[in-house]
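*Asks:* Build me a model:
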Amino acid sequence: MPLNRRDFVARSTAAAAGAALAGGVSAAAAQPAGAAEPARKPGSRITESFTVMGTTDLHGNVLNWDYFTDAEYDDKAHNDVGLAKISTLVNGIREEKGRHRTLLIDAGDTIQGTQLSYYYARVEPITEGGRLAPVHPMALAMNHIGYDAAALGNHEFNYGIPVLRAFEKQCDFPLLGANALDARTEKPAFPPYVIRTVSSHRGPNIKVGVLGLTNPGIAVWDKANVQGKMTFGGIVELAKVWVPKLRAAGADVVIVSAHTGADQPSSYGDQVPWPENAGVAVAEQVPGIDAMLIGHAHVEIPQRIVVNKETGRNVVISEPLKWGERLTRFDFDAEFVHGSWEVTGVRSTVVNSNTVPEDPAVVSLLAAEHKKVVAYVNQVIGTCKETLSIAEAPFTDTPIIDLIGRVQADAVKAALAGTAYASLPVLAQAAPFNRTATIPAGEVKLRDAAGLYIFENTLEARKLTGAQIKDYLEFSMRYFAQVPVGAPVDKATLTNAGNTPDYNFDSVYGVSYDVDISKPVGQRIVNLSFEGKPVDPAAEFVLAVNNYRANGGGNFPHVATAPVLWTNSEEIRNTMISWVKAKGVIDPADFASVDWRLVREGVPVF
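*Replies:* Model (predicted):
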């Protein structure tokens, strides 16, 4: 039976609310009482096994549904997504091991990513209505499944701290963030850890401590939402502080749930003094950790064993891909020795959610919310004269990317009208965020426009010189592999060089240029021009740019320190939707032109 949404927020959340003051959350008192160490024959051993399951980067996926295509989710690998699938996997493991011999945790990025989660942050927000406020679908599903704890992800802050706090109150489990600090007091703004217990057949219950850590890059990526309110310390540094405290609080086992990748390079350079992806560093440098559930990088790590440099003990790391496509399973062995439990072995695997059906209880629980959001995304907002596809955007200048640039440039021009900067030429940055995005010929629905801009970015205007625009583009073109003249060009290996993601491949609307992929990075931009003339290095331009990039995301040169001419609080996605509604008709003739191309010594690649 669906939960009563009106009474939902009246549930007790005292443990989570008081955790920041207490330094952690202890759930030991709520668990079955442990037994004293039983008498046993000399030489006999008391051993036990238990399982901890983990998800990460759920990004608002509850059902196996793509709200941008209005169809069941599917990809080339035939992955499935969503908590309804995860619930079936969890139920199976709990049946196998016993409910009180399992735990379920998450490593963050929960409330952003789908139109389902967007709707309850912006359209019908969980912050409005008091007791009648809607309950976030992720809270409904995760409470039903029975999560024990979740670390904060960086995308938790995309909608601002009030939305995050409202979500926190709706959860029956704590949101953990030992390195998310109150800017005024420098104390944890969220519970740093929780201690849960798992039952033992032959000995006292086992106390499992879960330490939560989030990404210090939040200070860069969501600067507007957190500056002056929260600071974010280093993951390794705060783990060194809190792991001993967890042990002192009685944890027999310590698991770190951290929204950080394994050891990939930081996307923000030296703007923050701590690395973005510190999972391996934590395992190597912080003694006392038995296992780590990590996230953020959207990769699949079934098991990675790291040796702690101080103790020589193995630490097992796992990352279960993203969106509920995988579930990590940590299987622990422990022995009761000298009055306490010691971990004698840990193994981790990942389970594919496409191997099971959706849990009908979760599907039923979210039926009303799903129906409401499907209706919302299927609103007709205009028409388009021809089909626009993003499929070739990583290789060629496509009209659909030009559309993003045009919308952003128009918004900035309108905002700067009548100001001292109104006469400056406006350029616009755009990237291929979603390789499946399409705007069909004929009717255009809200989901078609929203699918072009899947992140919750807002728009800013920064002033850059011609020389800085060239530097910006040179940095962006590291996206392409270097291919000598005469060598075959394979589209499958041409892009994402050095693991550069699609969202960090920017083209700039409003200027023309060639990209010579036979040249090394930093020497690729050729024939940079504006209105048919070579760009003067000293000329001034306005760059319409998203807040992620403007705040230093991707570590692009100059833009983070460039003069700020204007900022907007509305998501670029909504700006695009409003633009289409105002125009009524999307006509590529109004904005599309081939302004950049890939070349080798002047000869076009495609």
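*Asks:* hang on, Ile317 is in a strand, isn't it?
*Replies:* Yes: checked against DSSP: H, G, I helix; E, B strand; the rest coil, Ile317 lies within a strand.
*Asks:* which residues does it contact?
*Replies:* Shown in contact with Ile317 (CB atoms under 8 Å, 6 or more residues apart in numbering): 262, 279-280, 283, 291-292, 294, 301, 303-306, 348. For every residue, glycine as well, the C-beta is placed using N, CA and C.
*Asks:* per-residue pLDDT, it?
*Replies:* Ile317 is assigned a pLDDT of 98 by the prediction.
*Asks:* give me the beta-bridge partners of it?
*Replies:* On the basis of DSSP bridges, Ile317 is bridged to Met292, Arg304.
*Asks:* Kindly provide the distance from it to Asn457.
*Replies:* Counting by CB to CB, to the nearest Å, the separation of Ile317 from Asn457 is 30 Å.
*Asks:* just to revisit the earlier point, out of the contacts of Ile317, which are buried?
*Replies:* 262, 279-280, 283, 291-292, 294, 301, 304, 306, 348 (16 or more other CB atoms under 10 Å).
*Asks:* Generate TSV for those residues, with distance to Val380 and pLDDT as supplementary columns.
*Replies:* Below are the buried ones among the contacts of Ile317 laid out as TSV (distance: CB to CB, whole Å; pLDDT from 0 to 100):
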residue	distance to Val380	pLDDT
Ala262	44	97
Gly279	45	98
Val280	49	98
Ala283	52	98
Ala291	50	98
Met292	47	98
Ile294	42	98
Ile301	43	98
Arg304	48	98
Val306	53	98
Ser348	47	98
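*Asks:* okay, among those residues, which ones form the most distant pair?
*Replies:* Across the buried ones among the contacts of Ile317, the longest distance by CB to CB is 14.7 Å; it joins Val280 and Ser348.
*Asks:* And for the residue sitting nearest the centre point of the chain, nearest residue in space, chain neighbours not counted?
*Replies:* Note on the chain: the residue nearest the mean C-alpha position is Asp109, at 4.6 Å, using CA atoms, centre = their mean. The shortest distance from Asp109 to any non-neighbouring residue, by CB to CB, 6 or more residues apart in numbering, is to Gly153 (3.2 Å).
*Asks:* residue contacts, the one you found?
*Replies:* Here Gly153 is in contact with 56-57, 107-110, 214-215, 259, 295-296 (CB under 8 Å, 6+ apart).
*Asks:* can you rerun that using 6 Å?
*Replies:* Applying CB atoms under 6 Å, 6 or more residues apart in numbering to Gly153 gives the contacts 108-109, 259.
*Asks:* Export the lengthiest helix in the chain to PDB, keeping only CA atoms.
*Replies:* Of all segments of type helix in the chain, defined using DSSP state H, the longest is helix 399-416. Only the C-alpha atoms of helix 399-416 are listed here, as PDB (Å, rounded to 0.1, in the frame of the first residue of the first chain):
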ATOM      1  CA  PRO A 399      22.700  22.400 -36.000                       C
ATOM      2  CA  ILE A 400      21.500  21.000 -32.700                       C
ATOM      3  CA  ILE A 401      24.600  22.300 -30.900                       C
ATOM      4  CA  ASP A 402      24.200  25.600 -32.700                       C
ATOM      5  CA  LEU A 403      20.700  25.800 -31.300                       C
ATOM      6  CA  ILE A 404      22.100  25.600 -27.700                       C
ATOM      7  CA  GLY A 405      24.600  28.300 -28.600                       C
ATOM      8  CA  ARG A 406      22.000  30.500 -30.100                       C
ATOM      9  CA  VAL A 407      19.600  30.200 -27.100                       C
ATOM     10  CA  GLN A 408      22.400  31.100 -24.700                       C
ATOM     11  CA  ALA A 409      23.700  34.000 -26.800                       C
ATOM     12  CA  ASP A 410      20.200  35.400 -27.200                       C
ATOM     13  CA  ALA A 411      19.600  35.200 -23.400                       C
ATOM     14  CA  VAL A 412      22.900  37.000 -22.700                       C
ATOM     15  CA  LYS A 413      22.400  39.700 -25.300                       C
ATOM     16  CA  ALA A 414      18.900  40.400 -23.800                       C
ATOM     17  CA  ALA A 415      20.400  40.600 -20.300                       C
ATOM     18  CA  LEU A 416      23.200  43.000 -21.300                       C
END
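*Asks:* Return whichever helix or strand comes after it as CSV; C-alpha atoms alone will do.
*Replies:* Sequence-wise, the next helix or strand beyond helix 399-416 is strand 426-430, with elements assigned using DSSP states H and E. Output of strand 426-430 as CSV, limited to C-alpha atoms (Å, rounded to 0.1, in the frame of the first residue of the first chain):
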residue,chain,number,x,y,z
VAL,A,426,28.5,37.6,-27.7
LEU,A,427,29.8,34.0,-28.1
ALA,A,428,28.4,30.9,-26.5
GLN,A,429,29.9,27.7,-25.2
ALA,A,430,28.1,24.3,-25.7
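*Asks:* what is the mean pLDDT for strand 426-430?
*Replies:* 97.
*Asks:* Mind listing the strands the helix or strand following that strand pairs with, and their directions?
*Replies:* The first helix or strand that comes after strand 426-430 along the chain, using DSSP H and E, is strand 438-439. Within its sheet, and counting by DSSP bridges, strand 438-439 is paired with strand 388-389 (antiparallel).
*Asks:* Count residues in the vicinity of Gly60, would you?
*Replies:* 25 (other CB atoms under 10 Å).
*Asks:* quick one, phi psi at the residue nearest to the centre of the chain?
*Replies:* phi 70, psi 70 (degrees, to the nearest 10).
*Asks:* ditto for Val444
*Replies:* The phi/psi pair for Val444 (degrees, to the nearest 10) is phi -110, psi 120.
*Asks:* What is the nearest of the buried ones among the contacts of Ile317 to Pro501?
*Replies:* The closest of the buried ones among the contacts of Ile317, once distances to Pro501 are taken by CB to CB, is Ala262, at 15.8 Å.
*Asks:* I'd assumed Val282 was in contact with the closest one.
*Replies:* No: the pair Ala262 and Val282 fails to qualify as a contact (CB atoms under 6 Å) at a distance of 10.1 Å.
*Asks:* Would you mind listing where the stretch 451-600 of the chain has pLDDT under the threshold?
*Replies:* Within the stretch 451-600 of the chain, the set of residues satisfying pLDDT under 70 is empty.
*Asks:* Mind doing that once more with 80?
*Replies:* For the stretch 451-600 of the chain, the stretches with pLDDT under 80 are 569.
*Asks:* show me where it has helices.
*Replies:* Ranges of helices within the stretch 451-600 of the chain are 466-476, 491-494, 547-550, 572-583, based on DSSP state H, counting those that start in this stretch.
*Asks:* Please tabulate those in a markdown table, including the columns distance to Gly146 and mean neighbour count.
*Replies:* Below are the helices of the stretch 451-600 of the chain laid out as a markdown table (distance: least, CB to CB, whole Å; neighbours: other CB atoms under 10 Å):
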| stretch | distance to Gly146 | mean neighbour count |
| --- | --- | --- |
| helix 466-476 | 45 | 20 |
| helix 491-494 | 42 | 11 |
| helix 547-550 | 34 | 24 |
| helix 572-583 | 33 | 18 |
